[in-house]
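Q: Give the three-dimensional model of this entry:
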Amino acid sequence: MTSTTTTSSGGTTIRRCSCRNPETGKNYGKSCPKLANRRHGTWAIRHELANRSDGTRREFRRSGFETSAEATKELNKVRALLAIPDEDDPAGHLAVSDTLEACAKNKEPLPDYDETRRRYATGQSLHSKITVVDWLDEWLAGKKRLRSTSLKRYESDVRVHLKPHLGHLRLDRLRVADLDRMFEAINDANVEIIEQNALRRAALNELKTIPWKGAENRARRKWLKASIDEMPPFRKPTRTNSQHTIKRTLRAALNTAIAQQIIPPFNPAEHVELNPASRAKAMVWTAERVRHWKRTGEKPSPVMVWTPEQTGAFLDQVATHRLYTLWHLIAFRGLRRGEACGLRWMDIDLAHQSMTVATQLVQSGWQVHEAAPKTDSGERLVALDAESVDSLREHQKRQRKEQARWGAAWKTTGRVFTDEDGSLLHPAKVSLMFTRELEAAGLPPVRLHDLRHGAATLALAAGVDIKIVSEMLGHSDTHITRDIYQSVLDDLAREAAEAVVKLVPRQRRTRTTKKSEPPHEATGRTA
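A: Below is the predicted model of the structure:
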């Protein structure tokens, strides 16, 4: 291939043609008879770049321009980019040249001048083509020191939502509108998930109603089972609170990118608007709520709290259980599940009736490992009542007998609550045992964590100051305690109002005055 060239300061524009002599098969070069026509051939540019870091020379080359004006325009962009660094900044010239060489190699458009100048001024990478997925992987790799539960939360948000919706976008070009589209897609998927769950649930309910006997019934059951197998499995919609968690994960990842000057100091996750997150309010299992649950199977709130009578019924149910003291401490002192499972004898001071919450067992998948308490305020000194001290002494005696029975096979962990062989107590097994015992007691359903909420309710009902309750639970602020238990406090306030009215002697009560409910209604058990 031959060409004619036009040289200007700081680079060259070149006109090329690939015409060949039909007789010799060689390129005509400058002797091409068509070169007199300025529209013949194509134009290319060439500009020398700063030598590579190893000292080798290089040039920026680009071809395929139809006119000299187009080629000159592109060459001027190259000159402008090369002029961004100061004359006495060899590192800057090297960075710009690296960027231009990469653009030529990958056949990418030249970087924007203003953006490149801004990156140069702020010390950022000049040729940052990093995508959101690349950055999220790099960001997660630097989070290995996080608590495993927090890391799993990040990994889940990244894998399930952020990568599929945003991963293909360039990190430095991520905008609020991109996040809006992601959350719109999540909400659209929620509608589909709810509909699919309803169809699957309806099919399963119908299957339960079809008798086994009869050829027609068997055929119907077979067809319905096949239809259920083809339906998507039950899935959890991504509710508002989860969407706020996704937003926080992305915001944290982008803040790190801003701190490392990888992207401009603007975080789109700070400005995307979502519906307000809500915290489930703790509600007491009053007699009316128990009746509603028995009638419909619905819990009034995800966080339900037993009354003192219901808590007593549960403790009576587990009075002979080998882990009775564990239930007792959660019910009265408000320990978290992991804190109770991780409690060590070295943290118990029976003589001074206190215990220190200094560690917990955390479940990651099915694996269990030791970790610090959930928050700094979670590490705390908890006072023990006399009944709790007596229960701990009895539990200690029982554990020593178990150790003697197992002999050399006993696993020494130093934990207060263990399996029969002394090994660590798995938190998930504790929750399973708790559910079985409450069902055996005929009590309305609560989670094991709600037993901790019950401890707060008992303390508040007893008139304990909310600051002391907050410290017992390991909350960092009384506002957290008040926010969680506001509905409980409202229930207590209504009870107090009723008590005040009953103090006033009356000859005749109004028709709206109701008799107190029978004791078995309050506990949720049948008479």
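Q: Against which helices or strands is the helix or strand where Ser150 lies packed?
A: Assigned by DSSP states H and E, Ser150 belongs to helix 148-157. Here helix 148-157 touches helix 132-141, helix 240-259, strand 360-364, going by 3 or more C-beta pairs under 8 Å, 6 or more residues apart in numbering; DSSP states H and E. For the C-beta atoms, the positions are set from N, CA and C on the backbone; glycine is no exception.
Q: So which bits of whichever helix or strand comes after the last one are buried?
A: What it means is strand 360-364. For strand 360-364, the following helix or strand on the C-terminal side (DSSP H and E) is strand 367-371. Buried residues in strand 367-371, counted by 16 or more other C-beta atoms under 10 Å: Val368, Ala371.
Q: Please give me every residue in contact with the closest residue in space to Ile468 that isn't next to it in sequence.
A: Of all residues not flanking Ile468 in the chain, Ala459 sits nearest, at 7.5 Å (C-beta to C-beta, 6 or more residues apart in numbering). Shown in contact with Ala459 (C-beta atoms under 8 Å, 6 or more residues apart in numbering): Gly334, Ile468, Val469, Met472.
Q: From the residues you listed, which land in helices?
A: Within the contacts of Ala459, residues falling in helices by DSSP state H are Ile468, Val469, Met472.
Q: Contact partners for the second one?
A: With contacts defined as C-beta under 8 Å, 6+ apart, the neighbours of Val469 are Ala456, Ala459, Leu460, Thr481.
Q: again with Thr413
A: Gly422, Ser423, Leu424.
Q: Can you turn the buried part of these into a ChimeraX selection?
A: Here is the ChimeraX command that selects the buried residues among the contacts of Thr413 (16+ other C-beta under 10 Å):
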select :422,424
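Q: can I get the contacts of Thr413 in JSON lines with distance to Pro300, secondary structure and pLDDT?
A: Shown next, in JSON lines, are the contacts of Thr413 (distance: C-beta to C-beta, whole Å; DSSP: H, G, I helix; E, B strand; the rest coil; pLDDT from 0 to 100):
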{"residue": "Gly422", "distance to Pro300": "41", "secondary structure": "coil", "pLDDT": "94"}
{"residue": "Ser423", "distance to Pro300": "39", "secondary structure": "coil", "pLDDT": "94"}
{"residue": "Leu424", "distance to Pro300": "36", "secondary structure": "strand", "pLDDT": "94"}
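Q: Just the closest of the contacts of Thr413 to Pro85, please.
A: Set against Pro85, the nearest of the contacts of Thr413 by C-beta to C-beta is Leu424 (59.8 Å).
Q: count of residues packed around His328?
A: Each residue near His328 was counted by other C-beta atoms under 10 Å, and the total is 21.
Q: all strands of the stretch 301-450 of the chain, in order?
A: For the stretch 301-450 of the chain, strands defined by DSSP state E, counting those that start in this stretch occupy the ranges 304-305, 348-349, 354-357, 360-364, 367-371, 380-383.
Q: Not counting its neighbours along the chain, what's nearest Asp157?
A: Thr249 (4.1 Å).
Q: so which of the strands of the stretch 301-450 of the chain gets nearest Lys143?
A: Among those, strand 360-364 sits nearest to Lys143 (C-beta to C-beta), with 14.3 Å.
Q: Any idea how far the closest one is from the middle of the chain?
A: Remark: strand 360-364 is offset 17 Å from the chain centroid, using C-alpha atoms, centre = their mean, to the nearest Å.
Q: and the angle from it to strand 367-371?
A: Here the directions of strand 360-364 and strand 367-371 differ by 140 degrees (axes from the mean of the first three to the mean of the last three C-alpha atoms, to 10 degrees).
Q: ok, and for strand 360-364, which residues are buried?
A: For strand 360-364, a neighbour-count test (16+ other C-beta under 10 Å) marks Gln360, Leu361, Val362, Gln363 as buried.
Q: Toward the C-terminus, what is the element adjacent to the helix ranked longest in the chain?
A: Secondary structure of the chain per DSSP H: the longest helix is helix 176-209. The C-terminal neighbour of helix 176-209 among helices and strands, as given by DSSP H and E, is helix 215-230.
Q: Give me the buried entries from the contacts of Ala459.
A: Gly334, Val469, Met472.
Q: By pLDDT, give me the weakest of those.
A: Across the buried ones among the contacts of Ala459, the smallest pLDDT goes to Val469, namely 84.
Q: Return the distance of the residue nearest to that one when sequence neighbours are not counted relative to Lys34.
A: The shortest distance from Val469 to any non-neighbouring residue, by C-beta to C-beta, 6+ apart, is to Ala459 (4.7 Å). Separation of Ala459 from Lys34 (C-beta to C-beta, to the nearest Å) stands at 96 Å.
Q: Including pLDDT, could the buried residues of strand 360-364 go into TSV?
A: Shown next, in TSV, are the buried residues of strand 360-364 (pLDDT from 0 to 100):
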residue	pLDDT
Gln360	90
Leu361	89
Val362	84
Gln363	81
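Q: and of those residues, the nearest to Lys105?
A: Distances from Lys105 to the buried residues of strand 360-364, taken by C-beta to C-beta, are shortest for Val362, at 48.1 Å.
Q: buried set for the longest helix of the chain?
A: For helix 176-209, by 16+ other C-beta under 10 Å, it's Leu179, Met182, Phe183, Ile186, Asn190, Ile193, Asn197, Arg200.
Q: export the strands of the stretch 301-450 of the chain to TSV and tack on distance to Glu288?
A: TSV is the format used below for those (distance: least, C-beta to C-beta, whole Å):
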stretch	distance to Glu288
strand 304-305	13
strand 348-349	41
strand 354-357	36
strand 360-364	36
strand 367-371	40
strand 380-383	34
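Q: closest one to Arg159 among the ones you listed?
A: strand 360-364 (15.6 Å).
Q: okay, and for the stretch 1-150 of the chain, where does confidence drop off?
A: For the stretch 1-150 of the chain, residues meeting the criterion pLDDT under 70 lie at 1-9, 124-125, 127-128, 146-148.
Q: for it, what spans make up the strands?
A: Under DSSP E, counting those that start in this stretch, the stretch 1-150 of the chain gives strands at 2-8, 11-17, 42-48, 59-65.
Q: one step back: the residue nearest to Asp157 contacts Leu151, correct?
A: No - taking C-beta atoms under 8 Å as the definition, Thr249 is not a contact partner of Leu151, at 10.9 Å.
Q: Of the two, give the one with the bigger neighbour count.
A: The neighbour count for Thr249 versus Leu151, taken as other C-beta under 10 Å, is higher for Thr249 (23 against 15).
Q: what's that one in contact with, if anything?
A: With contacts defined as C-beta under 8 Å, 6+ apart, the neighbours of Thr249 are Arg153, Tyr154, Asp157, Val158, Leu162.
Q: switch to 7 Å and redo it
A: Tyr154, Asp157, Val158, Leu162 (C-beta atoms under 7 Å, 6 or more residues apart in numbering).
Q: and if you look at Ile330?
A: Contacts here follow C-beta under 7 Å, 6+ apart; on that basis Ile330 touches Ala340, Leu451, Arg452, Ala455.
Q: Against Phe417, how distant is the spatially closest residue to it that is not a sequence neighbour?
A: In space, and not counting its chain neighbours, Ile330 is closest to Leu451: 4.9 Å by C-beta to C-beta, 6+ apart. For Leu451, the distance to Phe417 (C-beta to C-beta) stands at 15 Å.
Q: circling back to that earlier point, measure the residue nearest to Ile468 to His453 for me?
A: Taking C-beta to C-beta, one finds Ala459 at 11 Å from His453.
Q: swap in Glu206?
A: Applying C-beta to C-beta to Glu206 and His453 gives a distance of 37 Å.
Q: so where do the helices sit in the stretch 1-150 of the chain?
A: With DSSP state H, counting those that start in this stretch as the criterion, the stretch 1-150 of the chain has helices at 68-82, 90-106, 113-122, 132-141, 148-157.
Q: closest one to Glu298 among the ones you listed?
A: Nearest of these to Glu298, taken as C-beta to C-beta: helix 148-157 at 28.2 Å.
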